[in-house]
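Participant: Any chance you could fold what I've pasted below:
(2 chains)
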Protein chains: 2
Amino acid sequence: MAAKYVYFFGNGSAEGNATMKNLLGGKGANLAEMTSIGLPVPPGFTISTEVCTYYYANGNSYPSSLEAETNANLKKVEELMGRTFGDAKNPLLVSVRSGARASMPGMMDTILNLGLNDTTVQGIIAQSGDERFAYDAYRRFIQMYSDVVMGMNKHVLEHLLEKKKESKGVHLDTELTAADWKELVVAFKAAVKEELGQDFPEDPRDQLWGAIGAVFGSWMNQRAITYRKLNNIPADWGTAVNVQSMVFGNMGDDCATGVAFTRDPSTGEDYFYGEYLVNAQGEDVVAGIRTPQPINLHQKKPGDLPSMEEVLPECYAQLANIRSILEKHYQDMQDIEFTIEKGKLYMLQTRNGKRTAKAAIKIAVEMEKEGLIDEKTAVLRVAPSQLDQLLHPSLDPKAEKTIIAKGLPASPGAASGEVVFTADEAEAEAKVGKRVILVRVETSPEDIHGMHAARGILTARGGMTSHAAVVARGMGKCCVAGCGDIKVDYKSESFVARNGLVVKKGDMITLDGSTGEVMLGEVPTVSPEMTGDFATLMGWVDKYRRLKVRTNADTPHDSKVARQFGAEGIGLCRTEHMFFEADRIAAVREMILAEDLEGRKKALAKILPMQKGDFIGIFREMKGLPVTIRLLDPPLHEFLPQEEKDIEALAATMGVSTQQLKHKVEFLHEFNPMLGHRGCRLGLTFPEIYDMQVQAIMEAACELVKNEGFTIVPEIMIPLIATVSELKVLRANAIRVCDEVIARYGVQVEYLIGTMIELPRAALTADEIAREAEFFSFGTNDLTQTTFGLSRDDAGKFLPFYVEANILPEDPFVSLDQSGVGKLVQMACQLGRSTREKIKLGICGEHGGDPASVIFCHEVGLDYVSCSPFRVPIARLAAAHANLGGGTDLTK
Amino acid sequence: MAAKYVYFFGNGSAEGNATMKNLLGGKGANLAEMTSIGLPVPPGFTISTEVCTYYYANGNSYPSSLEAETNANLKKVEELMGRTFGDAKNPLLVSVRSGARASMPGMMDTILNLGLNDTTVQGIIAQSGDERFAYDAYRRFIQMYSDVVMGMNKHVLEHLLEKKKESKGVHLDTELTAADWKELVVAFKAAVKEELGQDFPEDPRDQLWGAIGAVFGSWMNQRAITYRKLNNIPADWGTAVNVQSMVFGNMGDDCATGVAFTRDPSTGEDYFYGEYLVNAQGEDVVAGIRTPQPINLHQKKPGDLPSMEEVLPECYAQLANIRSILEKHYQDMQDIEFTIEKGKLYMLQTRNGKRTAKAAIKIAVEMEKEGLIDEKTAVLRVAPSQLDQLLHPSLDPKAEKTIIAKGLPASPGAASGEVVFTADEAEAEAKVGKRVILVRVETSPEDIHGMHAARGILTARGGMTSHAAVVARGMGKCCVAGCGDIKVDYKSESFVARNGLVVKKGDMITLDGSTGEVMLGEVPTVSPEMTGDFATLMGWVDKYRRLKVRTNADTPHDSKVARQFGAEGIGLCRTEHMFFEADRIAAVREMILAEDLEGRKKALAKILPMQKGDFIGIFREMKGLPVTIRLLDPPLHEFLPQEEKDIEALAATMGVSTQQLKHKVEFLHEFNPMLGHRGCRLGLTFPEIYDMQVQAIMEAACELVKNEGFTIVPEIMIPLIATVSELKVLRANAIRVCDEVIARYGVQVEYLIGTMIELPRAALTADEIAREAEFFSFGTNDLTQTTFGLSRDDAGKFLPFYVEANILPEDPFVSLDQSGVGKLVQMACQLGRSTREKIKLGICGEHGGDPASVIFCHEVGLDYVSCSPFRVPIARLAAAHANLGGGTDLTK
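Facilitator: Purely as a prediction, here's the structure:
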């Protein structure tokens, strides 16, 4: 038996159904489904995606049986419609539309009114009794077909149309008469002949095969290729072709066409939401020439044109009924297209409707309450990535905006404030109650206090994972990074934006960290609402996930925020940020400049009580939950100034000679600080630093246990381990200090000692390293840097090009590179468990808040992910998706 | 049956033999062997290394059967010697010596004359008829025993001895009388009692067990632990204890003691080489108090004392005979110890003799000719690492040296010259015929021309794999790097060395790149000799290896040198060094500064003919051999100056504003250049650069084919690939250019396109990458940097500490880290072959010239290694060792 390539639908029965999207495309599958459940769908047939695959695999040719199969199906349509394709008296007209497995809006081609020629147009006149309609349809067909199928420059025919209107002294198409259209049809065909040197096809079957070929051809046009790349759609999926009998919404005032959603796609509210136009073809609704009318009274606002509920009450009632049939049938909110031809309603499309995050949550929660779906399905209906929209203040969508620059959307949310250029200014202005935006070429750890004080951060350089971006996301603070549109001049305390606009210190600007836009003046914002629906959904989310979600937090405040967002502990508490605070940086610098061990110990003794205080605060906020503390990681030079004048100033403050300080800065300079003297390498060469930190951690824990009846299990984490020997030494040191503190306080405190896995060598030898580690935390930021040999701070010059040219599917610092970095993570998990079966495994890189990466973490069997406080709900939802087998994203 | 712990030897038969080194230690095994083959060995027994292991595994206790077994063996010795341990009349004295599996010279303890006490000393007087001898032996025993076994400060007894000599008004021990020694014995024992609060043991059995315990205890003393760490000897090997009846070389003028080598250990010449002393104990030969005498007439020089051949002709004849017995038996040059007691010769030790590289080669080749060993054994007798000694000029060992500083032995060889501080000066001075040494804080690619011009390079900063070190090794030029002893001051054109010595520009210094020493003035050097023996051996080497050896060479000159050293092609031709030459750096900079593609192409067009010329030169030298050319790798900023004044100067030359040039330099600045915009990332963002290079390569190849009838297969290598998509694009580009050139010339040229595997991600996804690569070349320098997260240029601050503290067994940039980096190499080989079975695999990192790494490369199945020209013979020999199953290193 020959393979089946064509699937019929019509008159209440269909050869396909909604589950056959891979074969029939989304549109074809749903046309079949709607037909089967008795909805009024114009009959037609779908040529399957296998033909597309065959077409490209066989030098743009069709399977030999396709023509006969198409003809047979066309015959069935003719029979059902009582019309004949190409017939002079009662001709059948069809539409030819593409329809791929995944929606690719506007990416591929559509032909309407196919079957018209000089003969059949007479039949349409007879059928419709409307010569103007018939010639309008005919000229539309010639325009579409010559453009899409024949590849003619469409401006030629548009120009003829314009000239005709000029000569008639009219402005609108609707003002042209039947005679005008008839003349234009002749002129159009002549123009086609002249431009292309060939006649416009008169034979409807030639037209049909031309259109089918054009649809398959459009699968490989540049737009479609680019779209697929951007959306990760494989080229071998192919498209289907839907051939369907035409129905007309433009045959008079008892005709109409419209689109609707079964619920409000922006709020999720449960009412029928849509627009329609009387006497119009589908394309007119989208084209925006006429103002669409509301579909019902519920939507109608003062000044609106009459609603469909009023104008075509019977059709509306029928459509409203179909709305509830579709929701019950598909168990999801639907996006539909319909046409009314002479008072008769036809359904042309249904599909799951795209929606905002807010709507997604509301619809999911309410559908569960209505009994349409269960909790698990509800959880899967909300895309983790889009939750971000809800967790930050956002710009009032109705507000006016003057966009003066655009950078990377580095940390979501929106904020307005006066421009300042230094961290100190930011702090000073904030102290007197001003809202400020910190603008820097790029930020460094020394700017932390200013970033804290500012409402938002704008940098001219740096990528999505630059210092500014990472820290801002950690703080849940809005940030636009790598904004190449601005040129910052610290000297004149101003920056130049697009079109040479100069923004000075004190000028008000607004940042949108979700889009990367920078606006002049203050744009009003709206606050995030953690509605009841959100809470309900997150309750289900927590019920259906296995992976724990912790947070990366360095302060009691961040810890508190994260706990409100549902964090189940701290997966990464960076101790170096504590070193930068104004009251301790002096002691840190004293330590670095000390000539000998005694000097360093003296300085460290000053830092000890302050760090202990930090840990007490954090432990209190996280009472009952685990807290992983990473010992000092960055190279020491990060704590010293680099600029000549800052060095001079510091030398004066510290009471050392400028020369001496310069020598130290020079001595500490590194060519590749990322690969330098940092992490455990510091802990090994200056053991007194880690000793102090471990002491501070354990004293904090012991005091809380002793005085506040706490239970806390500190997890001490040693960074940048490459070999087990490093960890062996440092672990022994840490145990010695811990046990000494515990003995001194005379209390019981358990603690764990573990390591980051953030270097390829650590992952490769994780079996050895697990001998000395009670837990692994994957530091996938550094692991990505070293595995790719790619510096986050420098990648800005080529990584955007890489992603654009599809050399990398995504920025590997945003979404974990599963086949490279992920392979190491997987190896390390297996190797680690082979040595220590119950080893605790987590991830604390930025990827811990990226949904795709969270799903990967679930799959490789990690125990938890850790991410910025504001991404905790996203990670929770992604973890539930992973456990439930994944959902679909209807919010994009 | 109880385990056997003690092995007897004596009177022509022994329970052990030479193959039992693991159990009996080297000394014990060879004493047994010599006994068995009938040589005169004083009888004794060996307590096996298993006892040592037992001792440490069981809280410093012995197996229960040990005492009885020891007693039984002691009895056998007593019977053979006709003397009794502790007997008043005819006492047996023994020596107790350690003896581990591997030689650990001076690391462990020895006790002589054991068994002496106030009673037995009378027996010795009776036996020897020499009271002075007996009391001298007795006091020696007390000194040794109290020090080694009892842990007494040896200066106490030495002080008493000095006082005695003072009181007698003599200077030498030999001037003391029997009475003096006898008094001292009393005084020594009193001092022991006073110092330690315990009596010196009188019972010989107590003495024996004390000595045995001391030998086992010495296995874990600090010296031994350090030595084992340095030489990679596992602690669980343990030491054996040899208890042997004493023979005395100091009983009169018919007594003697000596050491000898069966051939000359420094030249390898085939004559009996040794020294002896009449009337002396073994320790006297080593102690250097008396001048040893030559063993035979062959060695005797005018002014020498009489030789043993003259003084003790019979004993000499017997010894000479033993010499040839031992060489025939062991089939290797032996290092022996002997003692003559009253005209009777005793053999106390034999072992394979250590030797210089030169001697190793001569001995191996001559022994093969003598039929003692076969070619394979001869090859295995020479250690690859020590060949280095032979391949560079070296300091005349007889010359006087004033060492003023010491740094790292970064590139072997020796050179003298006048100090200069800039590359330009080096070039200028060299042009006028001066020999110069380039002294820099550190070098950068801009210094290449100066490094070429200089005789040697001295840097204050940077490790064994710093730029200076790598480039110097590549050039085969001597280099002392990371010389922290010197402080360079460019302004005053001088550096300060040890003790504040100031060396100015123009002063003459000498470098020894093999030791890291810097000397004042000119020290004469001797040239390397590629003797006939060397050539013979290398012929055998090439016969018995599988792995090919290529070279890293960037110039026709290097290529020629490497070919003379036996290179079988070029494994890495770096094209960027060509960019730095004076005549083209201007065009390179023009390209970098160009505003657009056209500007870049214009500049590249100037470079094209020059690069083509380079390739023609290299291809000619390598005619018939493969040449792998790596396309541009370093980041563009390396081609621009970084210092303010250099930027100004360049701006003037280039005719651009300083501001503009500064902007470019600033724009190109990178935080981590190692992980930045380099390698294939440049090739992707500026495809015109690689296009030019590929064009130059192929035009060079085509012209040679066309005009000179060449056969050459260029291997085009793309660096820093992380993902197959990068390679896919670049490979397609390269093929396009190649095919265009080939078509233009109308000739047949085959070419290969492959990639470096130098990033962990490339290794992890080598199966994918192999789809687009015809060969892999492991760039283990960068692979080590990224796998460890360790910058070569910055590691100097902690890597030496790591190696010293045994956190890393070795500098991973010198010897490949097999368990981490090696695991990636192995994975990549397997993955690569799984996609492309016949993929060509090589290594071009510095490790290609390190013997241990070469052996690893052989084992993972690489096709070739590539290294600096001067290391080619080393790699060839290491490859042969790998293929023959590995040799032992007798040159250290």
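Participant: From here on, just use CA atoms for contacts and neighbour counts.
Facilitator: Will do.
Participant: Do a quick rundown of the helices in the stretch 1-150 of chain A.
Facilitator: A:21-36, A:49-57, A:66-81, A:120-128, A:131-148 (DSSP state H, counting those that start in this stretch).
Participant: Out of those helices, which one sits most buried?
Facilitator: Among those, helix A:21-36 has the highest mean neighbour count (mean count of other Cα atoms under 10 Å in any protein chain shown), at a mean of 26.
Participant: And the contacts of that helix?
Facilitator: Contacts to helix A:21-36, defined as Cα atoms under 8 Å, 6 or more residues apart in numbering or on different chains, come from residues A:8-20, A:40-41, A:45-50, A:99-103, A:237, A:239-242, A:348-351.
Participant: Run through the helices of the stretch 601-750 of chain A in chain order.
Facilitator: Using DSSP H, counting those that start in this stretch, helices in the stretch 601-750 of chain A cover A:644-654, A:658-668, A:680-685, A:687-708, A:724-745.
Participant: is it possible to export those to JSON lines including mean neighbour count, mean pLDDT and distance to chain B?
Facilitator: Below are the helices of the stretch 601-750 of chain A laid out as JSON lines (neighbours: other Cα atoms under 10 Å in any protein chain shown; pLDDT from 0 to 100; distance: least, Cα to the nearest Cα, whole Å):
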{"stretch": "helix A:644-654", "mean neighbour count": "14", "mean pLDDT": "86", "distance to chain B": "14"}
{"stretch": "helix A:658-668", "mean neighbour count": "16", "mean pLDDT": "88", "distance to chain B": "9"}
{"stretch": "helix A:680-685", "mean neighbour count": "22", "mean pLDDT": "96", "distance to chain B": "7"}
{"stretch": "helix A:687-708", "mean neighbour count": "21", "mean pLDDT": "96", "distance to chain B": "13"}
{"stretch": "helix A:724-745", "mean neighbour count": "18", "mean pLDDT": "97", "distance to chain B": "5"}
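Participant: Of these, which is nearest B:G617?
Facilitator: helix A:658-668 (42.4 Å; Cα to Cα).
Participant: Okay, and which of the contacts of helix A:21-36 map to strands?
Facilitator: Taking DSSP state E as the definition of strands, the contacts of helix A:21-36 contribute A:8-10, A:13-14, A:45-47, A:99-100, A:239-242, A:348-351.
Participant: Does A:I37 touch A:G12 like I think?
Facilitator: Yes. Counting by Cα atoms under 8 Å, A:I37 does reach A:G12; the two are 6.8 Å apart.
Participant: thinking again about what came up before, now the helices of the stretch 1-150 of chain A as TSV including mean pLDDT?
Facilitator: Converted to TSV, the helices of the stretch 1-150 of chain A look like this (pLDDT from 0 to 100):
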stretch	mean pLDDT
helix A:21-36	95
helix A:49-57	93
helix A:66-81	96
helix A:120-128	93
helix A:131-148	94
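Participant: Between those helices, which one is closest to B:I363.
Facilitator: With Cα to Cα as the yardstick, what comes closest out of the helices of the stretch 1-150 of chain A is helix A:49-57 (70.1 Å).
Participant: Now do that closest one: which elements does it pack against?
Facilitator: The elements that helix A:49-57 packs onto, with contact taken as 3 or more Cα pairs under 8 Å, 6 or more residues apart in numbering or on different chains; DSSP states H and E, are helix A:21-36, strand A:239-245.
Participant: Pull up the pairing partners for the helix or strand that the last one is followed by, direction included.
Facilitator: Where DSSP states H and E defines the elements, the next helix or strand beyond strand A:239-245 is strand A:256-261. Pairing partners of strand A:256-261, with direction, according to DSSP bridges: strand A:273-278 (antiparallel), strand A:334-341 (antiparallel).
Participant: what comes up buried for the shortest one?
Facilitator: Burial within strand A:273-278, assessed by neighbour count using 16 or more other Cα atoms under 10 Å in any protein chain shown, is assigned to A:273-278.
Participant: returning to that earlier point: just put the helices and strands packed on helix A:49-57 in CSV and tack on distance to B:P204.
Facilitator: Output for these, formatted as CSV (distance: least, Cα to Cα, whole Å):
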stretch, distance to B:P204
helix A:21-36, 95
strand A:239-245, 100
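Participant: so where do the helices sit in the stretch 201-350 of chain A?
Facilitator: Using DSSP H, counting those that start in this stretch, helices in the stretch 201-350 of chain A cover A:204-218, A:222-230, A:282-287, A:308-311, A:313-330.
Participant: Report the rounded mean pLDDT for the first one.
Facilitator: Helix A:204-218 shows a mean pLDDT of 94.
Participant: Pick out the most distant pair among the buried residues of strand A:273-278.
Facilitator: Taking Cα to Cα, no two of these sit farther apart than A:Y273 and A:V278, at 17.0 Å.
Participant: any low-confidence regions in the stretch 451-600 of chain A?
Facilitator: A:465, A:474, A:531 (pLDDT under 70).
Participant: All the helices of it, in order from the start?
Facilitator: Using DSSP H, counting those that start in this stretch, the helices of the stretch 451-600 of chain A run over A:467-475, A:532-543, A:556-564, A:576-579, A:582-593, A:597-621.
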